[in-house]
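> What follows is a predicted structure for the sequence shown.
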Amino acid sequence: MATEAQGAEGGGMEFHPMDQFIVTPLFGDGPVGMFTITNVTLWMALTVIAVVALLVLGTSKRATVPGHMQSVAELAYGFVYKMVEDVAGKDGVKFFPYIMTLFLFIVFANFLGLVPTAFTVTSHIAVTGVLALMVFLTVTVLGFVKNGAKFLELFWVSSAPLALRPVLAVIELISYFVRPVSHSVRLMGNMMAGHAVMKVFAGFSQVAVIAPVSILAVTAMYGLEVLVAFIQAYVFTILTCVYLKDALHPSH
C-alpha cells in the first residue's frame, strides 16, 4: 500500500491517509463519469479473475491427490457449504452458489487490497452497499414468494405479551430495513479504518527517531488486517445466511 508523508511549513508533517480511497480514472486525468474505467474497475476485474482462476483453473484437473489451488478451492467450498447448511438449513443449500460467489468475491477483494499500491474496493460504500442491497432484495422477495403473507410473521413476536407485540413489530420492521445499511457499513468501515491506520503508521516511518517503532506497528497492523480481511468476509456471508434463514423460515 502506498504511503505518503509530506513536509509542511514549520518542519511539521502532513499525512493524507484517505487519499488511497480516491476513485481516479485509469486512463487520463479527466472527471469520473458513469462509464469511466477507474482504479475501482481494475481491481474489481482482478478480483473476478482471481475467483475464476481458483474455481475453474484450480479444479480443472480434479486430481485424486489435489494440488495447492485445488486444495484451497475444496477447502473454500466445504467451508461455505457447511456454513450455509448449518445456518440456513437444508432448504438454504440451493442458494449455495450465490453465497459462495459472494464470499469469494469479498475475501479476494479484501486480500487484494493488502497488496502494495492496490485499491481496496470493499472500502467503498458504493460496492458494499450494492452487495448488501442485493442480499436484502433477494431474501425479501424470496420470503414473500415462498411464504406469502406468512413472511410478515417475522415481525410479529408471538412469544411476547400481547400489549407489547405492536411495539415490537414496529421495532422489528425498522431493524429489518436497517439491515442493508449495517450489512454494508460494517464491511466498508472495517476495511477503510484498518488501511487508514496502516498508512498513518507508514508515514511516521520516515521520521528516523521513531522509524523502528513505526515499522513494527505497520507490521503488526498488516498481520491484523490479514485476519480482518477474512473475518469481515465471513461476517458478511454468515449474516447473509441468517437473513436467508429468516426468509425461508420466518416463524422460527
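Perfect, thanks for sending it.

> Tell me which stretches of the stretch 1-150 of the chain form helices.
Shown for the stretch 1-150 of the chain, the helices assigned by DSSP state H, counting those that start in this stretch span residues 39-52, 68-88, 96-112, 125-147.

> counting contacts, what elements does the last one pack onto?
Contacts defined by 3 or more Cβ pairs under 8 Å, 6 or more residues apart in numbering; DSSP states H and E place helix 125-147 against helix 96-112, helix 165-204, helix 211-248. C-beta coordinates here come from the backbone N, C-alpha and C atoms, glycine included.

> what's the angle from the second one to helix 211-248?
Our comparison of helix 165-204 with helix 211-248, counting by axes from the mean of the first three to the mean of the last three Cα atoms, to 10 degrees, yields an angle of 160 degrees.

> One more: the shortest one?
Helix 96-112 runs at 170 degrees relative to helix 211-248, counting by the same axes, to 10 degrees.

> Could you pull out the buried residues of helix 96-112?
Along helix 96-112, these residues count as buried under the neighbour rule (16 or more other Cβ atoms under 10 Å): 96, 99-100, 102-112.

> Need the contact partners of it.
Residues from elsewhere that reach helix 96-112 (Cβ atoms under 8 Å, 6 or more residues apart in numbering): 43-44, 46-48, 50-51, 54-55, 76-77, 80-81, 83-84, 118, 120-122, 127, 131, 135, 138, 187, 191, 226, 228-230, 232-234, 236-237, 240-241, 244.

> Can you say which of those residues are buried?
The neighbour-count test (16+ other Cβ under 10 Å) applied to the contacts of helix 96-112 identifies 43-44, 46-47, 50-51, 54-55, 76, 80, 83-84, 118, 120-122, 127, 131, 135, 138, 187, 191, 228-229, 232-234, 236-237, 240-241, 244 as buried.

> Please verify my assumption that residue 39 contacts residue 120.
No: Residue 39 lies out of contact with residue 120 (Cβ atoms under 8 Å); the separation is 10.3 Å.

> Show me the shaky parts of the stretch 151-252 of the chain.
Across the stretch 151-252 of the chain, residues meeting the criterion (pLDDT under 70) sit at 252.

> Apply 90 and report the result again.
Segments of the stretch 151-252 of the chain classed as low confidence (criterion: pLDDT under 90) are 152-165, 195, 198-215, 217-218, 249-252.
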